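A.B. asks: quick one, what's the 3D model for this:
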Amino acid sequence: MRRLIAPLALIYLLWGLAATAETLTVSTVTRPPFSMMEGDRDTGFSIDLVRSLTDRLGWTYQLVRAETFGEMLDMVKDGRVDMAAANISITAARETDMDFSHPIFESGLRIMVAAADVRTPSLFRVLFSADLMIAIAIAVVLLMGGGMMMWGLERRAQPYFDRPLKEAWFPSFWWALNLVVNGGFEERVPRTPIGRIFGVVLVVSSLFVVSLFVAKITAVMTVEAISGSINSVNDLYDKDVGTLADSTAARFLDRRDIGYSGYSDLADLLADFEDGKSRVVVFDAPVLDHYMEDEGRVYGRAVGQVFLREDYGLLLPDRSPHLEEINRALLAMRENGEYDDIYRKWFGKAP
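C.D. replies: Purely as a prediction, here's the structure:
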């Protein structure tokens, strides 16, 4: 009899624990790398975080994958699920009707432009650009004109210029070029009074000519570097911009009065981007970075820096009884390195 009591007591205890274990219903939406399907398996940074979180609390969870981001939020707001996990930005508007956990990820917005619209600066294009070629032609004309004027003034007084017109054009040009670069030659100093005055004028003028020429080259290289590309939010006006409707990116673009096409589904947004229907995408930086690293590098390039820094959190119904336990578990996971392990798995580095 005693042999039966111990196993029965153990079975009863385990059954009691299972009966009292909390089961969370968690809504999510496909947002690689935070939540996605690999075959028939749910995975992603946020999903791994929920899995570790519930394991730590001794709970179980059941995922409900929504079709849209808005549907996922509505499930939480209406109390149909206990929590939502994806790339959910912590905002004051959402906090009004629902509760957020402690931040689980630091994010921001990024600009992605069509790869064809990004032009890498090329020294070859700079050297053979129309503006630079025109500047060089003007410089040659000025040097040739100044040299020939000096030939006319000095050809009877300075042996260097004592040559017929048909032979004088290159030596005169060479003299003017050396005057600009080196300040002239000591043995070829003008000898006539008017020639000397003109020589001084040429030397002083050459300082300005060289400065303007260098400035022109710099300007051409700068234009080459930014031509045909977008470098910041200020370059988005009158561009074909796409983002998800009702997202933090959409609200940011609204505040800046930047026109955009709003999509309800991320897959549709990226499909139109790949088809060239939109040339620019503004959205969450980690989502776009994952897209470009995984499959979209041929289609898009990231430009500029991440802006409008924001935090992601787990979303719960207003006054959720689970909030405090979840927050304590998140803090414990950060302290023991478990959070860092999950982060490193998905983003290749520690937070």
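A.B. asks: when you work out contacts or count neighbours from here on, use the C-alpha atoms and nothing else.
C.D. replies: Fine.
A.B. asks: in this structure, which ranges drop under the pLDDT threshold?
C.D. replies: The model of the chain has pLDDT under 70 over residues 1-21, 119-129, 131, 183-187, 209, 216-217, 219-229, 296-297.
A.B. asks: mind running it again at 90?
C.D. replies: Applying pLDDT under 90 to the chain flags the ranges 1-22, 40, 115-232, 234-235, 238, 276-277, 293-301, 303-304, 348-351.
A.B. asks: show me it divided up by domain.
C.D. replies: 2-106+311-347, 115-120+229-308, 137-219 (automatic domain parsing).
A.B. asks: ok, which of these comes nearest residue 130?
C.D. replies: Closest approach to residue 130 among the domains of the chain is made by domain 137-219 (10.5 Å; C-alpha to C-alpha).
A.B. asks: run the chain-centre distance for stretch 66-74.
C.D. replies: 27 Å (C-alpha atoms, centre = their mean, to the nearest Å).
A.B. asks: got the CA coordinates for that stretch in CSV?
C.D. replies: Provided in CSV are the C-alpha atoms of stretch 66-74 (Å, rounded to 0.1, in the frame of the first residue of the first chain):
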residue,chain,number,x,y,z
ALA,A,66,-3.0,37.8,-37.1
GLU,A,67,-3.2,38.8,-40.7
THR,A,68,-2.4,42.5,-40.0
PHE,A,69,-0.6,44.5,-37.4
GLY,A,70,-3.8,46.4,-36.6
GLU,A,71,-5.7,43.1,-36.1
MET,A,72,-3.0,42.0,-33.6
LEU,A,73,-3.4,45.2,-31.6
ASP,A,74,-7.2,45.0,-31.6
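A.B. asks: and the contacts of it?
C.D. replies: 27, 28, 29, 30, 65, 84, 264, 265 (C-alpha atoms under 8 Å, 6 or more residues apart in numbering).
A.B. asks: which residue packs closest to residue 56, ignoring adjacent ones?
C.D. replies: residue 329 (7.0 Å; C-alpha to C-alpha, 6 or more residues apart in numbering).
A.B. asks: for the helix or strand harbouring that neighbour, which helices and strands make contact with it?
C.D. replies: For residue 329, the element it lies in under DSSP states H and E is helix 323-335. Judged by 3 or more C-alpha pairs under 8 Å, 6 or more residues apart in numbering; DSSP states H and E, the packing partners of helix 323-335 are helix 45-57, strand 98-114, helix 338-347.
A.B. asks: can you redo the domains of the chain as a markdown table with mean neighbour count and distance to residue 130?
C.D. replies: Listed next are those as a markdown table, based on neighbours: other C-alpha atoms under 10 Å; distance: least, C-alpha to C-alpha, whole Å:
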| stretch | mean neighbour count | distance to residue 130 |
| --- | --- | --- |
| domain 2-106+311-347 | 17 | 45 |
| domain 115-120+229-308 | 17 | 17 |
| domain 137-219 | 16 | 10 |
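A.B. asks: quick one on the thing from earlier: in a markdown table: the contacts of stretch 66-74, plus distance to residue 234.
C.D. replies: Below are the contacts of stretch 66-74 laid out as a markdown table (distance: C-alpha to C-alpha, whole Å):
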| residue | distance to residue 234 |
| --- | --- |
| 27 | 36 |
| 28 | 33 |
| 29 | 31 |
| 30 | 30 |
| 65 | 36 |
| 84 | 34 |
| 264 | 25 |
| 265 | 26 |
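A.B. asks: filter those down to the ones in strands?
C.D. replies: 27, 28, 65, 84 (DSSP state E).
A.B. asks: looks like the first one contacts residue 80 (just checking).
C.D. replies: No. The pair formed by residue 27 and residue 80 falls short of the contact definition of C-alpha atoms under 8 Å, at 9.1 Å.
A.B. asks: which residues touch the closest residue to residue 194 other than its chain neighbours?
C.D. replies: Excluding the flanking residues, the one nearest residue 194 by C-alpha to C-alpha, 6+ apart is residue 153, at 7.4 Å. By C-alpha under 8 Å, 6+ apart, residue 153 lies in contact with 192, 194, 195.
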